[in-house]
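J.: pasted the sequence and its predicted model underneath.
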Amino acid sequence: TAKRRHAGIAFAQETGGEPAHEQLSLIGDMRRALAAGEFTLAYQPKLALGSGRIVAVEALLRWQHPERGSIAPARFIPFAEQTGFIREITPWVLESAVRQAAAWHAAGLDIAVSANLSTLDLLDPHLGRRVRDLLEAHAVPARRLCLEITESALMDDPALAQAHLDELAGLGIKLSIDDYGVGQASLAYLKSLPVDELKLDRSFITAITESPRNAAIVESTIMLSHALGLTVVAEGVETPAELRWLREHGCDIAQGYGIGRPMTAAQFEHWLAEFALR
Ligand code: C2E
Ligand code: CA
Ligand code: CA
Ligand code: CA
């Protein structure tokens, strides 16, 4: 179908057009890697622009391969989604993220943890129960967990997505729309969903201070989002000028290399202690 062809094109781009045998060996390797503990999570800080405090982190998957070194998620998550292996990776991601949220909660740190979901995860009828069980098992307040979902994941089966989002929202966790602006979803549609947060795609933030068109899009999205009661996160914030612009235009939260790179949990704790002294 046209849809499949389209997915295939995106897939080839995201994987950097690796030769077929490379792709096959990566797929075979994922199962072993999960069992061998080669996957880890890196945590990237989210800065609240009003208070100047770090309020959350996004958990980003990393694969430390014994021979190939570090493999970026863009190179293996598309395979994991295509083969369905993401169904085994996501429970690991959620468990690790909730475990870390529990550790920070117990240490008295007021930091929420975001995890990323794929389309397949959102269609999983057991997702709600899995998340509820994890929060209970690790005694984590629901508001300490946020799940980031892309627009395209929602558009795949909007009715089912809505039902599952309602269930997740009912648990009290936060829900975030990731990569907002690159997909087809309208704010009017998103308004009908129980989401708390909207993450403006990096492509809008890049050159925000140079392109009046980007600036206009971001500015109006911030205003509309606030009218709908949504928190706005800018991702890919790299420069002080971008950060200043976002603060001046009422953006709620900023995330990007200009604030902090994705780090191990231990690195983040040190980074946070330094950040508080700035
Ligand atoms: P994303 O969810 O949009 O995550 C943001 C990506 O932008 C991350 O790349 C992050 O390292 C990168 N980034 C953050 N700040 C900046 C910046 O200032 N400049 C630039 N150029 N990049 C920045 P990463 O970690 O390589 O992840 C890529 C994508 O892989 C993620 O995009 C997400 O779609 C997916 N992904 C990562 N972890 C998971 C996971 O656990 N599960 C699933 N399903 N997908 C994941
Ligand atoms: Ca994300
Ligand atoms: Ca994103
Ligand atoms: Ca993205």
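T.: Arrived safely, thanks for sending. Ligands and ions are numbered 1, 2, ... in the order given.
J.: which one is V237 nearest to, not counting chain neighbours?
T.: Closest residue to V237 apart from its sequence neighbours, by C-beta to C-beta, 6 or more residues apart in numbering: G256 at 3.3 Å. C-beta: built from backbone N, CA, C; applies to glycine.
J.: ok, the one you found touching E238?
T.: Yes. G256 is in contact with E238 according to C-beta atoms under 8 Å; the separation is 5.4 Å.
J.: quick check, A254 in contact with T231.
T.: No. Checked against C-beta under 8 Å, the pair A254 and T231 is beyond contact range at 11.8 Å.
J.: would you map the strands across the protein?
T.: All strands of the chain, identified by DSSP state E, fall at 39-48, 54-65, 69-71, 112-116, 145-150, 174-180, 197-200, 231-234, 253-254.
J.: report the contact partners of the residue of the stretch 1-150 of the chain found nearest ligand 2.
T.: In the stretch 1-150 of the chain, no residue comes nearer to ligand 2 than E148, which is 4.0 Å away by C-beta to the ion. E148 makes contacts with 58, 114-117, 176-178, 199, as judged by C-beta atoms under 8 Å, 6 or more residues apart in numbering.
J.: who's it bridged to?
T.: Assessed by DSSP bridges, E148 has beta-bridge partners N116, S176.
J.: mind putting the strands of the chain into a markdown table with mean pLDDT?
T.: Formatted as a markdown table, the strands of the chain follow (pLDDT from 0 to 100):
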| stretch | mean pLDDT |
| --- | --- |
| strand 39-48 | 98 |
| strand 54-65 | 97 |
| strand 69-71 | 93 |
| strand 112-116 | 98 |
| strand 145-150 | 96 |
| strand 174-180 | 95 |
| strand 197-200 | 96 |
| strand 231-234 | 98 |
| strand 253-254 | 98 |
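J.: within range of ligand 2, give me the residues from the chain.
T.: Counting by C-beta under 5 Å from the ion, the chain comes close to ligand 2 at 116, 148, 178.
J.: and these near ligand 1, which?
T.: Among the residues of the chain next to ligand 2, the ones lying near ligand 1 by C-beta under 6 Å from any ligand atom are 116, 148, 178.
J.: out of the residues you listed, who's nearest ligand 3?
T.: Nearest to ligand 3 among those, with distances taken as C-beta to the ion, is D178, at 4.3 Å.
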